Each structure stands twice: as C-alpha cells, then as structure tokens.
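>>> Here is a sequence together with a model predicted from it:
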Amino acid sequence: MTGTIKMNEPPPRPQMGPPGKSLKYNVKHTILVMSGKGGVGKSTVATNLAVTLAMKNFKVGLLDADINGPDDPKMLGVEEEKIYGNKEGKIMPVETEYNVGVISMEMALPSHDTPVIWRGAIRHNAVKQFLEDTSWDNRDMLIVDLPPGTGDEPLSITQLIPDADGIVIVITPQDVALLDARKAINFAKKVNIPVLGLIENMSGFVCPHCGYETDIFKKGGAEKIANEYNISYLGNIPIIPEIVDDADSGIPAVAKNDYVKKFFNDVAENLIKNLKK
Ligand SMILES: Nc1ncnc2c1ncn2[C@@H]1O[C@H](COP(=O)(O)OP(=O)(O)OP(=O)(O)O)[C@@H](O)[C@H]1O
Ligand SMILES: [Mg+2]
C-alpha cells in the first residue's frame, strides 16, 4: 500500500549543502558561537542550538572551548561524566541524552571547583587537542562555544579552525552591548571567517503572570546592526526564567519547553539556510 507511514522509523537524515572545509577534524560543518563580551548567553545558545539541531536529526558535536569557564556539561546534565580515550587513543565525546556529543575541560578536571590556572599557550593547546584528537566521527555539525570577547583566546581558537563555516554572534540588545557586538563583527572580518548571523538574546520579557511585555534590555538592536552590516539576522530569544532554571538543573530548555523551542527552532532554520548558501 502506498503512503503508509511506518511507525518507529527515524526521520530521514536532513540534507545539507556540500561539506565545509573542516574535514580535517572529521566534521562536515563547524559553527563558532561568539560574543563581543561575557555573560550574554553564548553557552545557553550553543547548548540549546546544538540540541535543536540534533532534534532535527543532524549528528551534532559540541566543543566547549571556554577552558576557564566551561559551562556546557552542566547545562547538558553531564558534568559528572569524564572524557576518556578509545583503543586508538582518540578522545571520545561524552554522549548526552539529547544526542549531542560534548567535549569540555570541565570533564577533564579532578573536581568542579578546580580552577584552570594555565597560561594562554597551554589553553590553546588544550583546545587544539580537543579538536584534533577527538573522534568526531563525521558529525554533520560541530558547534564551538568560544570564550567571551574578541581577545587573544577566541583569536587563537579561530586560527585553529580558519576554514570554519562561520561565526554566530550572540548579542544582547542594550546600546552598550551593541557596541561590543560591532567589535565581534569586525573581529570576524579580521579573521576572515563569514558571519552566519546574529542572535538577539535576552530580547524582551513577557510576564508569565499578566502577559505584559517589558523590554528590560531593550529590543531590536541586533536586527538593526545586522541590516547596517548587511549580515543575516537569525532571530531573538526573550528573557525566559525557565532557561536559567533548566540550565541550572542540567536540562536544555528546548528539550522540555515548547515556548523556548519555538525561538531556537526559528534560529536553527535560518542558520541551516545560511549554511546551505
Ligand atoms: N534568554 C535567556 N533568558 C533567561 N536567562 C538567560 C537567557 N540566556 C542566558 N540566560 C542566563 O544568563 C546567564 C549567562 O548565560 P551564559 O552562561 O549562557 O552566558 P555566556 O555568554 O556563555 O557567559 P560567559 O561569557 O561567562 O561564558 C546564565 O545563568 C543563563 O542561564
Ligand atoms: Mg559561556
């Protein structure tokens, strides 16, 4: 009989454009998540975006390249896991229940309160090893959560992946943050990696009790900047209190909250379109 839907059959693997040039790390597309300054939601975006893409049936890896402040394992509920090597001596990503394999310094530390007191060159080598010596196993996408800002560390990481498909810049909408966002855009130009798009995070707040919208950090600034620089605007994520609670309890909000998922889904769809270009 034609048109029968077989139950329990996984959806077909989505088709992407031709692989990027990150094949030396055995991944097809590499996406760097950065911001002009700290605390704007890079790790929140990197983890939830990775899970959203995995829900679309892409094979996704997440590299937490923030050696001093590695938050991704906690946000994905795997901070008690340790990374280990396989028989070939390759580092194995820790597979989360959200079908995202993650590598982070957090999972190589003896305890959660051990600080990484390393000079820049050693941190650079750690990220290099996470890229080169990990069994990424031909993933469709590798999301890299960069350390904050436009300084020495993000620069040295971009030099490890000069042929990344592009950079996603996370911005909060208040004027002072937009100033830093411009620096991030110019950073991307300097390192000659395309900007795949801007995301406005913490963009407005709708009171869950009365439904009244307050634009705590303003709203719409990222889209204006995207137009000004002629780059893509991927979408916005409002301030949603559950995002904080879920991150703290190790569950990516998109996995349990349809309201949050809707915003990340729009961002992911726009990102996929730009990857295909
Ligand atoms: N849209 C949002 N709504 C509510 N809380 C958010 C949102 N985005 C991020 N947060 C919260 O803001 C805090 C900072 O976010 P996050 O750690 O993702 O930022 P970051 O840019 O990665 O920071 P750092 O520069 O320190 O690495 C976290 O507690 C996170 O849960
Ligand atoms: Mg972070």
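Thanks, I have it. Remember, predicted model here, so these are calculated numbers, not experimental data. Numbers count the residues shown, from 1 in each chain. Ligands and ions are numbered 1, 2, ... in the order given.

>>> Tell me which residues touch the nearest residue to Y84 once chain neighbours are set aside, please.
Spatially, and ignoring its direct neighbours in sequence, Y84 is nearest to M92 (5.9 Å; CB to CB, 6 or more residues apart in numbering). Where you see a C-beta, it was placed from the backbone N, CA and C, and this is true even at glycine. By CB atoms under 8 Å, 6 or more residues apart in numbering, the residues touching M92 are 83-86, 134-135.

>>> State the distance from the residue most central in space within the chain to P148.
Nearest to the geometric centre of the chain sits A46, at 2.0 Å (CA atoms, centre = their mean). Separation of A46 from P148 (CB to CB, to the nearest Å): 12 Å.

>>> E80: neighbouring residues, count only.
For E80, the neighbour count with other CB atoms under 10 Å is 12.

>>> who's in contact with it?
E80 neighbours (CB under 8 Å, 6+ apart): none.

>>> Am I right that it sits in a strand?
No. Using DSSP: H, G, I helix; E, B strand; the rest coil, the assignment for E80 is coil, not a strand.

>>> What does it show for phi and psi?
phi -90, psi -10 (degrees, to the nearest 10).

>>> repeat for I239
In terms of degrees, to the nearest 10, the main-chain angles of I239 are phi -70, psi 120.

>>> Quick check: it touching G204?
Yes. Counting by CB atoms under 8 Å, I239 touches G204, with 7.0 Å between them.

>>> what sits in contact with each of these two?
Each of I216 lies in contact with both I239 and G204 under the rule CB under 8 Å, 6+ apart.

>>> right, and the helix or strand after the helix or strand hosting T47?
Per DSSP states H and E, T47 falls inside helix 42-55. Past helix 42-55, heading to the C-terminal end, the next element that is a helix or strand (DSSP H and E) is strand 60-64.

>>> Any part of the next helix or strand after that next one near ligand 2?
Later in the chain than strand 60-64, the nearest helix or strand by DSSP H and E is helix 72-75. No. Legend: contact between helix 72-75 and ligand 2 by CB under 5 Å from the ion is lacking; minimum distance shown is 7.6 Å.

>>> Name the residues that touch helix 72-75?
Outside helix 72-75, the residues that reach it (CB under 8 Å, 6+ apart) are 43-44, 46-47, 62, 64, 79, 81, 94, 102, 104, 106-107, 145, 247-248, 250, 252.

>>> Just the buried ones among those residues, please.
Among the contacts of helix 72-75, those classed as buried by 16 or more other CB atoms under 10 Å are 43-44, 46-47, 62, 64, 79, 81, 94, 102, 104, 106-107, 145, 247, 252.

>>> how close does the residue of the stretch 51-200 of the chain found nearest ligand 2 sit to G41?
Nearest to ligand 2 in the stretch 51-200 of the chain, going by CB to the ion, is D71, at a distance of 4.8 Å. Note on D71: its distance to G41, by CB to CB, is 11 Å.
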